[in-house]
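1. Fold the following for me, if possible:
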Amino acid sequence: MNLKPRDESSELKALRSLNIRMNLPVKVKNYYTNLEKGFKGEQVLDGWLENLSFEKLVLNDLLLECNHTLFQIDTLLISPDTIYLFEVKNYEGDFFVEDDRWFSASRIEIKNPLLQLKRTESLSRRSLHEFGNKLPIESYLIFVNPEFQLYQAPLNLPIVFPTQLKRFIQNLKPKSSRLKETHFKLAEQLQSSPLIETPYNRLPDYDFNELKKGVSCVHCRSLDTSHTKMFLICKACGSSESYLTAILRTIEEFRVLFPNRKITTNEIYDWCNTTKTIKTIRNVLLENYEKIGQGRSAHYIVKE
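-> All right, here's what the predicted structure looks like:
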């Protein structure tokens, strides 16, 4: 049972939108690319865990605090007799280990992901102990990209390589087959954490008037789109999407990028830069959002 499905962070959503609407600085562009790859890698592991035949509770992207220290768990799996912590990496290419230091094939040193795993495990043990957990905890560094290769790594490291992933998942068989009330109580305590998401602070400066406007393609994210009466057509890749779905998706982009800006008919009409009439945009807002106020002060909020 997946109690906390995985979703893109607000930071990733914002950067994804900004990437098609402005020229991101090189460092921000690289950071965004890594976020996208990381999220896709986590989805790969999600697919494997869905096929587990025994009872389990899965919680993704948990943000917890221990002794005033924030830490995040990519995937936490509660089985009947063990708690598993998974740190997922979607690295691609050749890497090697030398004296506990990690390098790319071109000898550029990277952060040792095992140190991050150890930190997460240590903080998790303390937090879970405070929740009354008595189950053993095992943590693993999971590499999901088939194009990844690590050389000179000691054999006893808690690492699962892409070629080992299928066998590793199949071996996660608990001695007991049933979850108890204590398992569900622990999961509920973890979910009830008041921490939702770290404030994203790696976004570049941006301004509404300077961003490219338009409705992007849901597949290739190009802004080179046109529309028929019912569909949005991408001129770059040829894909189509319901025009209503595309407009609603573009409104959500606006909400993510400008959380303090009111959603008005004129704002969304300018943001979508569509040849549809402003009346069409107004009707979309009226049907899908809650209208507040009348006349020039009218704006829209998400329906509760």
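
2. Next, the closest residue to F131 other than its chain neighbours: phi, psi?
-> The shortest distance from F131 to any non-neighbouring residue, by CB to CB, 6 or more residues apart in numbering, is to Q189 (4.7 Å). Bear in mind the C-beta positions are built from the backbone N, C-alpha and C, glycine included. With angles defined as degrees, to the nearest 10, Q189 shows backbone torsions of phi -60, psi -40.

3. and if you look at T277?
-> phi -70, psi 160.

4. pLDDT score assigned to the residue nearest to F131?
-> With respect to pLDDT, Q189 has a value of 91.

5. roughly how far apart are it and E130?
-> Separation of Q189 from E130 (CB to CB, to the nearest Å) stands at 9 Å.

6. Three-state assignment for the nearest residue to K13 once chain neighbours are set aside, please.
-> Nearest non-adjacent residue to K13, counting by CB to CB, 6+ apart: V256, 4.9 Å away. The local conformation at V256, judged by DSSP: H, G, I helix; E, B strand; the rest coil, is helix.

7. residues near V256, how many?
-> By other CB atoms under 10 Å, the residues close to V256 number 18.

8. which ones are touching it?
-> 10, 13-14, 17 (CB atoms under 8 Å, 6 or more residues apart in numbering).

9. same deal with L62?
-> Contact partners of L62, counting by CB under 8 Å, 6+ apart, are 4, 72-73, 76, 190, 193.

10. any idea which of the contacts of V256 is closest to C234?
-> Distance to C234, by CB to CB, is smallest for S17 among those, at 16.4 Å.

11. Can you tell me the SS state at the closest one?
-> Relying on three-state DSSP, one would call S17 helix.

12. excluding its backbone neighbours, what's nearest it?
-> Setting aside the residues directly before and after it, S17 is nearest to E253 in space (CB to CB, 6+ apart), at 4.5 Å.

13. any idea how far K37 is from P158?
-> Distance of K37 to P158, given as CB to CB: 22 Å.

14. Next, the distance between the ends of stretch 124-142.
-> Taking CA to CA, to the nearest Å as the measure, stretch 124-142 stretches 17 Å from start to finish.

15. Report the buried residues of it.
-> 124-125, 127-128, 133, 139-142 (16 or more other CB atoms under 10 Å).

16. And stretch 224-233, by the same measure?
-> In terms of neighbour count (16+ other CB under 10 Å), stretch 224-233 has its buried residues at 225, 227, 232-233.

17. pLDDT weak spots in the stretch 101-250 of the chain?
-> For the stretch 101-250 of the chain, applying pLDDT under 70 flags the ranges 193-201.

18. Touching, A153 and V97? I think so.
-> Yes: A153 lies in contact with V97 (CB atoms under 8 Å); the separation is 4.9 Å.

19. Contacts for the longest helix along the chain, please.
-> The helix spanning the most residues in the chain, taking DSSP state H as the definition, is helix 26-50. Helix 26-50 is touched from outside by 2, 6, 8-9, 11-12, 15-16, 19, 24, 56, 58, 60-61, 74-75, 77, 86, 88-90, 92, 142, 144-145, 165-166, 169, 202-204, with contacts defined as CB under 8 Å, 6+ apart.
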